[in-house]
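Student: Turn this into a model:
(one chain, ligands or ions: 1)
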Amino acid sequence: MKLLVINGPNLNMLGIREPGIYGAESYDTLCARIREFAAAQGVEVELYQSNHEGDLVDKIQSAYGKMDGIVINPGAYTHTSIALLDAVKAVGVPTVEVHISDVSAREDFRQVSYIRAACAATISGHGLDGYLEAMELLMEGKAP
Ligand code: DQA
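Tutor: Numbering: from 1, shown residues only. Okay, the predicted model is just below:
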């Protein structure tokens with residue numbers, strides 16, 4: 001099984017940006033945790049981060065016919081991007097949306113998620129563990 005884990009804008013600043021909301025662990029630590037978990041589960045994983053919407057669209061498209069699942073934290077593009085929604089719909093790869101913070105308990109503008117309509121599940125507010133939980137859902141086939 002091959003999983004693609006995508007992080008959107010500002011998630012490369014984990015550990016620096018608003019640690020009270022996103023925690024003290026860095027993006028590199030997140031990547032190490034994901035790689036370690038994937039290895040323990042015997043699944044292949046590719047990690048990708050970009051601050052640019054079109055690059056994120058390209059990466060989602062690259063999963064077509066190649067990946068068995070996508071875990072995506074689109075960052076602020078969650079709340080604005082129809083292009084990311086369309087990309088996930090286009091490739092038809094099972095996808096789980098992840099947010100480190102509990103977006104449902106935050107500002108009104110964070111209550112909208114365009115990509116959610118194309119995702120099998122959303123995990124929000126579980127910190128970095130949320131990425132591993134999303135991978136588990138995909139591995140168990142619970143995110144068709
Ligand atoms: C986030 C929540 C978004 O609202 C925000 O723009 C982010 C991170 C999260 O992981 O909690 O960049 O997706």
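Student: so which helix or strand takes in the closest residue to Glu133 other than its chain neighbours?
Tutor: Using Cβ to Cβ, 6 or more residues apart in numbering and skipping residues adjacent in sequence, the residue nearest Glu133 is Ile123, 5.3 Å away. For every residue, glycine as well, the C-beta is placed using N, CA and C. Using DSSP states H and E, Ile123 sits in strand 121-124.
Student: list the helices and strands the lengthiest helix in the chain packs on?
Tutor: The residue-count maximum for a helix in the chain (DSSP state H) belongs to helix 27-41. Judged by 3 or more Cβ pairs under 8 Å, 6 or more residues apart in numbering; DSSP states H and E, the packing partners of helix 27-41 are strand 2-7, strand 44-49, helix 129-139.
Student: winner for burial among the ones you listed?
Tutor: Comparing the helices and strands packed on helix 27-41 by mean neighbour count (mean count of other Cβ atoms under 10 Å), strand 2-7 comes out on top with a mean of 22.
Student: what about the following helix or strand past that strand, near the ligand?
Tutor: Counting by DSSP H and E, the element after strand 2-7 in chain order, helix or strand, is helix 19-22. No - under the criterion of Cβ under 6 Å from any ligand atom, the ligand is not reached by helix 19-22; the shortest gap measures 6.6 Å.
Student: So which bits of helix 19-22 are buried?
Tutor: Tyr22 (16 or more other Cβ atoms under 10 Å).
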